[in-house]
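just need the structure, nothing else, for what follows:
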Amino acid sequence: MLLDTLKKVLAVYGPTGKEENVAECVKKMLEGKVDSFRTDAMGNLIVEKKGKENGKTIMFSAHMDHIGLVVTDIEDEGFLRVTSVGGVSVDMSKTRHVVFQNGVEGVVVCQPTKGETAGLSHLFVDIGAEDKADALTKVQLGDVCVYAPDCFMLGENRIASPAMDDRCAVALLVELLCEAKETENNIVGVFSTQEEVGLRGATVAAYSVNPDLGVALDVTGWGDTPEVKLPAVKLGKGAAVKFMDRSMVATPAVRDTLIAAAEKAGVSYQREVLPYGGTDGAAIQHSRGGVPAGTLSIPCRYVHSACEVIDMRDMESALAILKTFVNMAF
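A predicted model of the protein is given here:
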């Protein structure tokens, strides 16, 4: 079930550069459901599900990593100085509960700025250490903390959690690989690494896979809360087919086939023009001599916060689109 899969992958620690636990979780869920697994030098988990002999090879990419804070120094009093791994907002991090891979918990605090604009250099993490020596028994320089897992429902259809970007797409790709049967085309699922710091995993994976076409699966922004109207995307109105963002202009043939798949599946969809950001779709599109590529997005409120919110109806829409898409002619 899509919601159960989503909750499993949301619960796993896996910031940028430390995605191996997420990969292991995914691998366990896909045992016996795909034809092959491999892990490359970047830590990407690449799985294949073969279709018919003359089918195209479609690469789907969903990134496993999410944003975090890395320890850069430990003060004599035991407070941890940190900087961002990915797009961490100072305002959204203030007094947030965080957790390290070894289970050590802390609170992110912003020191008084005395008239300055608060920046990452003003943040510290309080782990309750008595002093530096005590702190060093718990964490080391280079350790990364993330917003502590806290998954909860908002009404009947919406769910909030840290790491929704991009674990919701990881769950979506897992379900596609489990449910797609005897497809016309070959499916290569890439659970990519280090997207939040520059699409690094997908860049390597796309070169290795060398697909005929590719689709990134990711979240997009929202335009349905007070004073936020762009992008013109709303939760609960269906998955969004990307036309462009700051990293790519979607290949028209892939974009239009995603729309055709939505219409054939009889599900709601939205058109997305995002005036910022980027996805693994750009990495696929730029690979080798160029690969036709697009992106299917899940509308998400409060992206890069501790409470990213999606609507499960959009997830179901996306899954229906993808199950139809993999059987389209290209």
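
for the longest helix along the chain, name the packing helices and strands.
Ranked by residue count and defined by DSSP state H, the top helix of the chain is helix 164-179. Helix 164-179 sits against helix 2-10, helix 20-30, strand 57-63, strand 186-192, strand 213-220, strand 293-299, strand 308-311, helix 312-325, with contacts defined as 3 or more CB pairs under 8 Å, 6 or more residues apart in numbering; DSSP states H and E. Just so you know, the C-beta spots here come from the backbone N, C-alpha and C atoms, and that holds for glycine as well.

what do you get if the cut-off is 7 Å, keeping everything else the same?
Packing contacts for helix 164-179, counted by 3 or more CB pairs under 7 Å, 6 or more residues apart in numbering; DSSP states H and E, involve helix 2-10, helix 20-30, strand 57-63, strand 186-192, strand 213-220, strand 308-311, helix 312-325.

neighbouring contacts of the first one?
When contacts are taken as CB atoms under 7 Å, 6 or more residues apart in numbering, the neighbours of helix 2-10 outside the stretch itself are 22, 25, 29, 149, 151, 161, 163, 167-168, 170-171, 174-175, 312, 315-316, 319.

show me where the stretch 101-250 of the chain has its helices.
All helices of the stretch 101-250 of the chain, identified by DSSP state H, counting those that start in this stretch, fall at 132-136, 164-179, 200-209.

I'd like to know which elements the first one is packed against.
Okay, so that is helix 132-136. Short answer (3+ CB pairs under 7 Å, 6+ apart): helix 132-136 packs on strand 68-74.

so what touches the strand it packs on?
Among residues not part of strand 68-74, those counted as contacts by CB under 7 Å, 6+ apart are 15-16, 80-86, 88, 98, 108, 125, 132, 135-136, 139, 141-146.

hmm, which of these are the buried ones?
By the neighbour-count criterion of 16 or more other CB atoms under 10 Å, those include these buried positions: 15-16, 80-82, 84-86, 88, 98, 108, 125, 135, 139, 143-146.

can I get the helices and strands packed on helix 164-179 in TSV including mean pLDDT, distance to V47 and mean neighbour count?
Below are the helices and strands packed on helix 164-179 laid out as TSV (pLDDT from 0 to 100; distance: least, CB to CB, whole Å; neighbours: other CB atoms under 10 Å):
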stretch	mean pLDDT	distance to V47	mean neighbour count
helix 2-10	98	15	18
helix 20-30	98	6	18
strand 57-63	98	10	27
strand 186-192	98	5	27
strand 213-220	98	14	27
strand 308-311	98	24	23
helix 312-325	98	15	23
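
want to throw these into a markdown table with distance to E263?
Converted to a markdown table, those look like this (distance: least, CB to CB, whole Å):
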| stretch | distance to E263 |
| --- | --- |
| helix 2-10 | 22 |
| helix 20-30 | 29 |
| strand 57-63 | 19 |
| strand 186-192 | 21 |
| strand 213-220 | 17 |
| strand 308-311 | 20 |
| helix 312-325 | 9 |
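
please report how far the residue nearest to P211 when sequence neighbours are not counted lies from A180.
Using CB to CB, 6 or more residues apart in numbering and skipping residues adjacent in sequence, the residue nearest P211 is M59, 3.8 Å away. Remark: distance between M59 and A180 (CB to CB, to the nearest Å) = 14 Å.

check I310 too.
Distance from I310 to A180, by CB to CB: 22 Å.

what's the answer for V190, then?
From V190 across to A180, the span is 15 Å (CB to CB).

between the helices of the stretch 101-250 of the chain, which gets nearest to G221?
Nearest of the helices of the stretch 101-250 of the chain to G221, taken as CB to CB: helix 164-179 at 10.5 Å.

can you give me the buried ones in the closest one?
So, applying 16+ other CB under 10 Å, buried residues of helix 164-179: 164-177.

quick one: mean pLDDT for it?
Taken as a whole, helix 164-179 carries a mean pLDDT of 97.

what's the angle from it to strand 57-63?
With axes from the mean of the first three to the mean of the last three CA atoms, to 10 degrees applied, the angle from helix 164-179 to strand 57-63 works out at 140 degrees.
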